[in-house]
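# This is a predicted model, with the sequence first.
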Amino acid sequence: MRRPVDNTIFNDIKPLFSELYDTLANIFQNVSILVETSHGKNYRHSKSGTTIKDNMFTSTGAVIRYSVKDSDNLLEYSFNDFSAEFLETVPSILVKHAAADSRFDHRFTNRFEENCTTSFIQTADYGQLSSNDMESGQQAERLSFNRSTEFEVNPSELPDKDIIESLKRLYRKAMKLDARILDCVCVFQYLTTHKMFLSADKDLQQHLLWSNGILQPLAGTSDKKRYYLQTFSLSGGAELLEQMDSHISYACRCAIDLLDSVVPTPGTYDVICMPDVTGLIAHEAFGHGVEMDMFVKDRALARKYIGQSIASSIVTMHDNALSCMECGSYFFDDEGTLSSDTIIIENGILKNGISDLQSANRLKTIPTGNGRRESYERKAYTRMTNTYFEQGSDRLEDMIASIENGILLENAASGMEDPKNWGIQCMVNLGREIKNGKLTGKIFSPVCLSGYVPDLLTSISMISNELQISGCGCCGKGYKEWVKVSDGGPAIKAVATIS
């Protein structure tokens with residue numbers, strides 16, 4: 001039975017932050033407050049031993065965004081002290097910093113001067129806000145909700161030893177399957193995130209839980225060693241461990257198959273990309289390539305192709321934090337914009353980019369709810385959520401049968417993109433040879449897929465009817481700030497350069 005994530009965590013401190021918001025809204029413009037607390041753990045077991053660490057996204061703090069009248073700048077102030085005593089000093093801190101701006105009304109300075117202290121304040125030049133933004137003190141009906149995702153087993157309620165024992169069982173099962181399995185890294189991690197957003201027109205809370213798993217068997221002989229990386233993810237809890245158990249045999253078989261792999265002959269091939277490789281293409285080609293803060297900086301070629309055909313007419317692609325419940329899902333972003341299902345490509349036409357609030361304001365477009373921070377201490381950028389190709393109507397077996405000489409690609413490893421010139425390179429761990437419509441059993445590794453993005457997407461001729469999305473990875477941007485994302489899709493048949 002699925003249960004909602006606890007939605008009462010802010011009950012004690014919300015009155016304090018509501019009072020703080022009201023005070024600031026009488027002094028500054030465009031005031032918003034984001035409060036977050038995230039906690040989780042990372043469990044790992046392998047031949048080398050067992051480790052338990054905090055999840056890399058564990059964090060507790062708040063960030064206030066505000067502006068001074070007639071200023072082109074938005075100011076941000078972050079802190080992690082939620083005590084009533086400290087929150088009372090925050091207005092004076094912000095006033096002291098803002099007083100350096102000649103446009104600030106200095107009548108407020110004397111009012112708070114006694115309590116002024118130094119702190120870390122970040123100034124961001126986002127450009128003049130649009131005229132329909134809320135004026136200081138202006139009243140409006142607030143959108144208010146308090147929403148949670150659901151889970152079956154709450155990992156934070158399980159003893160550490162129980163989770164570690166589950167990973168040890170997976171390890172023992174892998175080691176018994178074949179003498180060539182030398183090791184198997186087994187990982188389980190989860191994160192529970194609570195966020196509250198207050199502004200002139202919003203009073204929002206969200207409570208999210210995601211879980212990830214990794215199985216990485218290492219196979220070896222006297223002269224060769226190869227690994228296979230099987231990943232698992234869901235919007236939910238420790239029920240994920242059951243999924244991992246059902247896939248351990250396949251992961252080990254693939255690692256053993258890779259012992260007989262050879263490097264492919266470079267050339268142009270018909271390829272079938274399995275969902276994880278499809279997802280890597282989505283992420284690298286039209287995830288980063290349509291982040292609209294890159295449009296503002298003229299660093300993405302996609303800006304010039306909005307409304308034009310850039311893919312096969314059977315291709316539709318989404319960035320969807322709203323209805324696709326995976327690790328990149330949420331109900332509102334870190335700027336308080338409600339999440340959405342953004343159709344990036346529709347029937348081959350590039351329709352939309354994804355945006356944060358500030359890039360949308362610069363470009364005079366509607367924000368898509370993709371303003372995300374690594375933590376309360378970091379800047380909000382336009383970031384992907386769950387990025388994937390929509391499924392089609394073809395069967396995988398028919399796709400394989402349609403190829404005379406090609407490669408089936410699975411087990412995506414890494415990718416690189418050049419948004420300014422639309423180049424892409426995807427590294428894949430395993431390729432299966434296809435001859436005369438059948439898999440021959442010959443294995444290629446490693447495989448590099450590369451090319452010009454519109455050429456690759458225009459060549460897509462078949463799309464399978466099964467959609468798979470995975471969120472075991474993270475995405476870096478800026479000063480390598482990380483956020484959780486998911487990607488995927490169906491299997492696709494395309495033409496690609498392989499090396």
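Arrived safely.

# Next, name the residue at the spatial heart of the protein.
Note on the chain: the residue nearest the mean C-alpha position is residue 485, at 1.8 Å, using Cα atoms, centre = their mean.

# Please name the residues that touch that residue.
When contacts are counted by Cβ atoms under 8 Å, 6 or more residues apart in numbering, residue 485 touches 283, 287, 327-328, 383-387, 471, 473-475. (C-beta placed from N, C-alpha, C; glycine too.)

# pLDDT-wise, what's the bottom of these?
Ranked by pLDDT, those bottom out at residue 287 (77).

# roughly how far apart are residue 179 and residue 430?
Applying Cβ to Cβ, to the nearest Å, the value for residue 179 to residue 430 is 21 Å.

# Give me the more crowded residue out of those two.
The neighbour count for residue 179 versus residue 430, taken as other Cβ atoms under 10 Å, is higher for residue 430 (26 against 8).

# That one: helix or strand, and which one exactly?
Taking DSSP states H and E as the definition, residue 430 sits inside strand 423-435.

# which other helices and strands contact the very next helix or strand once past that strand?
Next in sequence after strand 423-435, counting helices and strands by DSSP H and E, comes strand 438-444. Judged by 3 or more Cβ pairs under 8 Å, 6 or more residues apart in numbering; DSSP states H and E, strand 438-444 is in contact with helix 396-401, strand 423-435.

# Strand 438-444 versus strand 423-435: what angle between them?
Per axes from the mean of the first three to the mean of the last three Cα atoms, to 10 degrees, the angle that strand 438-444 makes with strand 423-435 is 130 degrees.

# Give me the next element, helix or strand, following strand 438-444.
Downstream of strand 438-444, the next assigned helix or strand under DSSP H and E is strand 447-452.

# that older thread, just checking: what are the partner strands of the strand holding residue 430?
Sheet pairing of strand 423-435 (DSSP bridges) gives strand 405-418 (antiparallel), strand 438-444 (antiparallel), strand 447-452 (antiparallel).

# per-residue confidence averaged over the shortest one?
By that I understand strand 447-452. Averaging pLDDT along strand 447-452 yields 95.

# Need the CA coordinates for that strand. CSV is fine.
C-alpha atoms of strand 447-452 as CSV (Å, rounded to 0.1, in the frame of the first residue of the first chain):
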residue,chain,number,x,y,z
VAL,A,447,30.9,2.0,-28.9
CYS,A,448,30.9,5.7,-29.6
LEU,A,449,27.8,7.2,-31.4
SER,A,450,28.4,10.7,-32.8
GLY,A,451,27.0,13.1,-35.3
TYR,A,452,25.0,16.3,-36.0
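
# in that strand, what's buried?
447, 448, 449, 451 (16 or more other Cβ atoms under 10 Å).

# just the second one next, same as before
Judged by neighbour count using 16+ other Cβ under 10 Å, the buried positions of strand 438-444 are 442, 443, 444.

# what does the first one give?
With burial defined by 16+ other Cβ under 10 Å, the residues of strand 405-418 counted as buried are 406, 407, 408, 409, 410, 411, 412, 413, 415, 417, 418.
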